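Colleague: Build me a model from this:
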Amino acid sequence: MDSKHTELITTEPSEQGQYLIFMLGREMFAMNILVIKEITEVGRLTTVPRMPDFIRGVINLRGGVVPVVDLGARFDKPPAQLTRRTCIIIIEVGDDDDDKQDVGVMVDGVSAVMEIPTSEIKPPPSFGSHIRTDFISAVGKVNDEFVIILNVDYVLAMDEIAALAGVASDGKREENPAQALAA
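Modeller: Model prediction:
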């Protein structure tokens, strides 16, 4: 394994869920490690024209084209400033084996893999009908601080991201929205 990549080894889930804790600005977020394939440094990003601001571009990952989502920008925050701690979390998204695709998530830094006891995980709060909460799977408590546990299926819904991209390079709507990011 080269120094640019960190493979994650997952174990059988226990009563405590294992989560990757990462930072966006000064806020802590988490995602279940079972959806994570690896973590890599930010290398060469190739920008793709006519993509939403939160699509930073694509990377070459062992010969495959992987779109990279700036998670802060996806949450309507300023785009990530590239530092030595900035990294890309590679996640596999999709409903079934035939529809799975790797997506990179750019974050400000990865803190740790931690087990959060189920007793410390609560359902997402209700903010009313005007605030989008489908990105939040739950809220966990780690060292007396709240951690937002993301619902990766919604944050990285390829159909929604492709619809936001809107237009294929020929000016027509893409018939297969997931292909817009791999083009």
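Colleague: Quick check: closest non-adjacent residue to residue 94.
Modeller: In space, and not counting its chain neighbours, residue 94 is closest to residue 100: 3.8 Å by CB to CB, 6 or more residues apart in numbering. To be clear about C-beta, it is placed using only N, CA and C from the backbone, and glycine gets the same treatment.
Colleague: Kindly report the same for residue 154.
Modeller: What sits nearest to residue 154 in space, not counting adjacent residues and going by CB to CB, 6+ apart, is residue 134, at 4.6 Å.
Colleague: what residue lies at the spatial centre of the chain?
Modeller: The chain has residue 105 as the residue nearest its centroid, 3.9 Å off, counting by CA atoms, centre = their mean.
Colleague: wait, what's in contact with it?
Modeller: Residue 105 makes contacts with 68-69, 71, 88-91, 155-156, as judged by CB atoms under 8 Å, 6 or more residues apart in numbering.
Colleague: okay, those residues in TSV with pLDDT next?
Modeller: As requested, the contacts of residue 105 are arranged in TSV below (pLDDT from 0 to 100):
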residue	pLDDT
68	93
69	91
71	90
88	96
89	95
90	94
91	91
155	75
156	74
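Colleague: So which of these sit within strands?
Modeller: 68-69, 88-91 (DSSP state E).
Colleague: Where do the strands of this protein begin and end?
Modeller: 5-7, 17-24, 27-32, 36-41, 55-61, 64-70, 87-93, 101-107, 109-116, 121-122, 136-142, 145-150.
Colleague: hmm, back to that, can you give me the neighbour number for the residue nearest to residue 154?
Modeller: Residue neighbour count, defined by other CB atoms under 10 Å, stands at 11 for residue 134.
Colleague: hmm, back to that, for residue 47, which of the strands of the chain is the nearest?
Modeller: Of all the strands of the chain, it is strand 55-61 that lies closest to residue 47, at 4.4 Å by CB to CB.
Colleague: Check which residues of the closest one are buried.
Modeller: For strand 55-61, a neighbour-count test (16 or more other CB atoms under 10 Å) marks 55-59, 61 as buried.
Colleague: quick one: which of those is nearest to residue 144?
Modeller: residue 56 (33.4 Å).
Colleague: Great, nothing more from me.
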